[in-house]
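1. build the 3D model from these lines:
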Amino acid sequence: MALTAKRARVGSLPEDRSWFEALFKAHWSSVHGLLFKLVGEHAEAEDLALEAFWRLYQHGSRLENGGARSAWLYRVATNLGLNALRGRKRRQHYENQAGHWTIEENVPPDPPTELERKEQSKRIREVLAQMKPRSARLLILRHSGLSYNEVAAALGIAPGSVGTLLARAEREFEAKYRKVESR
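-> As a prediction, the model looks like this:
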């Protein structure tokens, strides 16, 4: 008795399968055709139709016989098709964005701009090499994004003195940079 009740719940009794087979034979081509019109690809339409029929098989025994099952099947098939279209649209949007980002990031630099950037980096390194070591480290750490407290901890100085020392270091850097740039 318990085994029969369990079989009935999972829908594995022969009489449970007969309604499904009848609906499958009667509606397969219509459901597949509907989904093909919706998504435009035979393989995807077939996959979605199979998914719709699988869901019918799982949940159809809870529905009333006859028209309720077929109506439910078409509703599920339509929803699956629309979801596939939305997913395709989202995927296409993300792929386009990724393509734009890749193109923007991999654009070769303009040769004159790249040359200027390299020359400026060379001048900055030259000026930093001429500065007092603590001032140079202070500028490098602060312009690398460290907070005043982090700079103070890294250099072993009081956090309250970072602002003053940084202002002095920036003035020193600017004066030396102007000299190097004017050569």
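
2. mind giving me the domain ranges of this structure?
-> Per automatic domain parsing, the structural domains of the chain span 2-105, 111-182.

3. which of those has the lowest average pLDDT?
-> For those, mean pLDDT drops lowest on domain 2-105, to a mean of 80.

4. ok, longest helix in the protein?
-> Longest helix of the chain, by residue count under DSSP state H: helix 67-105.

5. which elements pack onto that one?
-> Secondary structure elements in contact with helix 67-105, counted by 3 or more CB pairs under 8 Å, 6 or more residues apart in numbering; DSSP states H and E, are helix 14-39, helix 42-59. Heads up, the C-betas are built off the backbone N, CA and C, glycines and all.

6. and it with helix 42-59, angle?
-> Orientation check (axes from the mean of the first three to the mean of the last three CA atoms, to 10 degrees): helix 67-105 against helix 42-59 gives 130 degrees.

7. so for helix 67-105, what gets flagged as buried?
-> Applying a neighbour-count criterion of 16 or more other CB atoms under 10 Å, one finds 69-70, 72-73, 76-78, 80-81, 84 buried in helix 67-105.

8. again, but for stretch 151-163
-> Those would be 151-152, 162, for stretch 151-163 by 16+ other CB under 10 Å.

9. neighbouring contacts of it?
-> In this structure, residues lying in contact with stretch 151-163 by CB atoms under 8 Å, 6 or more residues apart in numbering are 134, 137-138, 141-142, 146, 148-149, 165-166.

10. over to stretch 170-183?
-> Outside stretch 170-183, the residues that reach it (CB under 8 Å, 6+ apart) are 123-124, 126-128, 130-132, 135, 139.

11. could I get those as JSON lines with neighbour count, secondary structure and distance to Y177?
-> Formatted as JSON lines, the contacts of stretch 170-183 follow (neighbours: other CB atoms under 10 Å; DSSP: H, G, I helix; E, B strand; the rest coil; distance: CB to CB, whole Å):
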{"residue": "R123", "neighbour count": "15", "secondary structure": "helix", "distance to Y177": "7"}
{"residue": "I124", "neighbour count": "14", "secondary structure": "helix", "distance to Y177": "7"}
{"residue": "E126", "neighbour count": "12", "secondary structure": "helix", "distance to Y177": "9"}
{"residue": "V127", "neighbour count": "21", "secondary structure": "helix", "distance to Y177": "5"}
{"residue": "L128", "neighbour count": "17", "secondary structure": "helix", "distance to Y177": "10"}
{"residue": "Q130", "neighbour count": "14", "secondary structure": "helix", "distance to Y177": "10"}
{"residue": "M131", "neighbour count": "16", "secondary structure": "coil", "distance to Y177": "10"}
{"residue": "K132", "neighbour count": "11", "secondary structure": "coil", "distance to Y177": "15"}
{"residue": "S135", "neighbour count": "18", "secondary structure": "helix", "distance to Y177": "13"}
{"residue": "L139", "neighbour count": "21", "secondary structure": "helix", "distance to Y177": "11"}
